[in-house]
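**Student:** Can you look at this prediction? I've put the sequence above it.
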Amino acid sequence: MILFLLVLIMLFSLTSCQKTHESIIVTGKNNDLMLKIASGNEKEKRTIFEMLNIPERMTLKTTNSTGNICVNADADIILPDTNSIPIVKVRDRNFTQEEADRIIEYFIGDAAFNNRFETGYTYEEEKLMYWMEELSKETDPVKRKFLQRDNDKFKSAGITIPDKPHDILPAPKVFEPTEYGAMQIKGYSKYGKNHKYLIISNHLAENKNMVLYTCEQKGYADIGHEGTYNSAASKSDLKKLGLETADQVPLSISPEDARNKAFDALRAMNISNMGLFSCEEVWGEAALSGSIAKRQEHHAYRLEFVRNIGGALMTYTENNINRTFVETDERTGKKLEPSWPYERIMFIIDDTGIVEFLWESPYEITEQVVENAKLMPFDDIKAIFSKMIFVTHAHYGENTKLTFNIDRIQLGMMRIQDKYSPGTGLIVPVWDFFGTMSLNGQEINTAHTSHLTVNAVDGSIINRMKGY
């Protein structure tokens, strides 16, 4: 259905102290062809180790033809703890009421669950009041036009200014429609010193399905996932980021304690088939509402959980597809296609317990299409990397000095989006190359950034920011 595109790898010569296969070809992103290649191992049933013929480490020193991009690799090669890797089809899905019930029971329990943290107006109502006041004072026709447009957008969404401030009422624990087209459960709960906020939102039209729970001591963190957390790799930047007070917050629990709390929570909420990808010490803060304090500093552990596919974990990277506001084409009135974030479960845990829990973009596995995927030999993957790392970073230009020090190479899983069927995709095995990067001598924190993602089946290059 789609022409098979063969991309010959660069016609320019590369200076390298590692001999590479000049005949390596990177295949085009044709999922049907890729699945046909992957199925080649169904009868042979060779193990991962038999197919890869993998060395203990990968070492490489190479430079592009202009000398401005250098790659040094002395890297651990990390494999999943399984002999075979499947390929499955997935699609986006909503959170169910049953899941919501378990989440509410775990985080809120029998405590009061209210529709707001104090009497007053909603953020949207306050915004509308501000715009209306500005409109009444504005004399510039152009500025009035923009203010009027903003007013009209809010009013067309059903947002009006009530006659009096809202009272605090019990929040529904079942999904209800919002003025934005989502179905959600949202509420506030105060128990002792704990200010809890919970939102469970289904909005597939804009790919914003999300559970967010926060628990703070000084106020409510209710403006969405705004917590900023920095790992040890960027600890030197804490003062620059205004987070030096977070470094003074004690942290007495161990990483094992944090892991146990997270696993206990997942079991209690009956969230299965998720594996722990990373647990790291972090420093950061959360923006607060409903109190004099505007923020609360944290010294905690951040735990990232990913889906387990037949014994192989999804690879967590910070090359993410972010949730974005979906704009409307002013000419046609149609909404533009939304981005589809990767599934993710994240905990922030400190001495007070679970500070934050995020679960977004849950998948539903619809079909296993390959039971034991055929993988390219590792030497071929290495050769593709040694060439394509230059191609994918060529946009920096010849006047920029770029150096990569690759110290970790991981075989894991990744969701590839179907460009022609929104909300559907394949989970396939991929290789990711991690390490540090320096730009003109200045090292950039890229601890969880994959500098290149290569399809382990056909060798094609995957853009993680696009999802294919």
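**Tutor:** Looks like it came in fine.
**Student:** and Gly187, that's in a strand?
**Tutor:** Yes - counting by DSSP: H, G, I helix; E, B strand; the rest coil, Gly187 falls inside a strand.
**Student:** Tell me, how many residues neighbour the closest residue to it other than its chain neighbours?
**Tutor:** Nearest non-adjacent residue to Gly187, counting by C-beta to C-beta, 6 or more residues apart in numbering: Ala171, 3.2 Å away. Heads up, the C-betas are built off the backbone N, CA and C, glycines and all. A total of 19 residues lie near Ala171 under the criterion other C-beta atoms under 10 Å.
**Student:** any idea how far Ala171 lies from Ile104?
**Tutor:** Counting by C-beta to C-beta, to the nearest Å, the separation of Ala171 from Ile104 is 10 Å.
**Student:** Common neighbours of those two, please.
**Tutor:** In terms of C-beta atoms under 8 Å, 6 or more residues apart in numbering, Ala171 and Ile104 are both contacted by the residues Phe113, Ile185.
**Student:** list the contacts for the residue nearest to Gly187?
**Tutor:** Phe113, Asn114, Asn115, Ile185, Lys186, Gly187, Tyr188.
**Student:** Write the ChimeraX selection for whichever of those are buried.
**Tutor:** Only the buried entries of the contacts of Ala171 go into this ChimeraX selection, using 16 or more other C-beta atoms under 10 Å:
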select :113,114,185,186,187,188
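**Student:** Show me which of the contacts of Ala171 is closest to Asn320.
**Tutor:** Using C-beta to C-beta, Lys186 comes nearest to Asn320 of the contacts of Ala171, at 24.0 Å.
**Student:** Quick check: nearest residue in space to the closest one, chain neighbours excluded?
**Tutor:** Distance criterion C-beta to C-beta, 6+ apart; nearest residue to Lys186, sequence neighbours excluded, is Ile199 at 4.4 Å.
**Student:** same thing with Asn270?
**Tutor:** Arg102 (5.7 Å).
**Student:** I figured that neighbour hits Ser272, correct?
**Tutor:** No - using C-beta atoms under 8 Å, Arg102 is not in contact with Ser272, being 11.9 Å away.
**Student:** Have a look at the two and say which one is more surrounded.
**Tutor:** Neighbour count, other C-beta under 10 Å: between Arg102 and Ser272, Arg102 has more, with 14 against 9.
**Student:** thinking again about what came up before, assumed the residue nearest to Lys186 was part of a strand.
**Tutor:** Yes - membership of Ile199 in a strand is supported by three-state DSSP.
**Student:** show me the contacts for it.
**Tutor:** Shown in contact with Ile199 (C-beta under 8 Å, 6+ apart): Gln184, Ile185, Lys186, Met210, Val211, Leu212.
**Student:** follow-up on the earlier one: Met51: which of the contacts of Ala171 is nearest?
**Tutor:** Sorting those by distance to Met51 puts Ile185 at the head of the list, at 46.3 Å, by C-beta to C-beta.
**Student:** For the residue lying closest to that closest one once chain neighbours are set aside, name its beta-bridge partners.
**Tutor:** Leaving aside its sequence neighbours, Ile185 sits nearest to Ile200 (C-beta to C-beta, 6+ apart; 4.5 Å). For Ile200, the beta-bridge partners are Ile185, Val211 (DSSP bridges).
**Student:** Ile200 touches Gln184, doesn't it?
**Tutor:** Yes - at 6.3 Å, Ile200 counts as touching Gln184 under the criterion of C-beta under 8 Å.
**Student:** Comparing these two, which shows the higher neighbour count?
**Tutor:** Higher neighbour count among Ile200 and Gln184: Ile200, with 24 against 20, using other C-beta under 10 Å.
**Student:** Give me the distance between that one and Met210.
**Tutor:** Ile200 sits at a distance of 8 Å from Met210 (criterion: C-beta to C-beta).
**Student:** got it, and Lys127?
**Tutor:** Lys127 is 22 Å from Met210, by C-beta to C-beta.
**Student:** can you check Arg323 too?
**Tutor:** As judged by C-beta to C-beta, Arg323 and Met210 stand 7 Å apart.
**Student:** packing partners for the helix or strand containing Ser386?
**Tutor:** Ser386 is part of helix 378-391, with elements assigned from DSSP states H and E. Applying 3 or more C-beta pairs under 8 Å, 6 or more residues apart in numbering; DSSP states H and E, one finds that helix 378-391 contacts strand 57-63, strand 69-78, strand 424-439, strand 452-455.
**Student:** Switch those strands over to CSV; also include mean neighbour count.
**Tutor:** Formatted as CSV, the helices and strands packed on helix 378-391 follow (neighbours: other C-beta atoms under 10 Å):
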stretch, mean neighbour count
strand 57-63, 17
strand 69-78, 18
strand 424-439, 21
strand 452-455, 24
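**Student:** Now for this protein, the helix or strand with the poorest mean pLDDT.
**Tutor:** Least confident element among the helices and strands of the chain, by mean pLDDT, DSSP states H and E: strand 6-8 (a mean of 33).
**Student:** coming back round to it: of Arg323 and Met210, which one has the most company?
**Tutor:** The neighbour comparison of Arg323 against Met210 (other C-beta under 10 Å) goes to Met210, with 23 against 20.
**Student:** Contacts only, for the more buried one.
**Tutor:** Met210 touches Ile199, Ile200, Ser201, His225, Arg323, Leu358, Trp359, Glu360, Ser361, counting by C-beta under 8 Å, 6+ apart.
**Student:** ditto for Gln97
**Tutor:** With contacts defined as C-beta under 8 Å, 6+ apart, the neighbours of Gln97 are Val174, Phe175.
**Student:** again with Glu297
**Tutor:** Per C-beta under 8 Å, 6+ apart, neighbours of Glu297: Leu243, Thr245, Ala246, Gln248, Val249, Trp283, Gly284, Glu285.
**Student:** Neighbour-wise, which one of those residues leads?
**Tutor:** The most crowded member of the contacts of Glu297, judged by other C-beta under 10 Å, is Trp283 (26 neighbours).
**Student:** Next up, identify which helix or strand that residue is on.
**Tutor:** Using DSSP H and E, Trp283 sits within strand 274-287.
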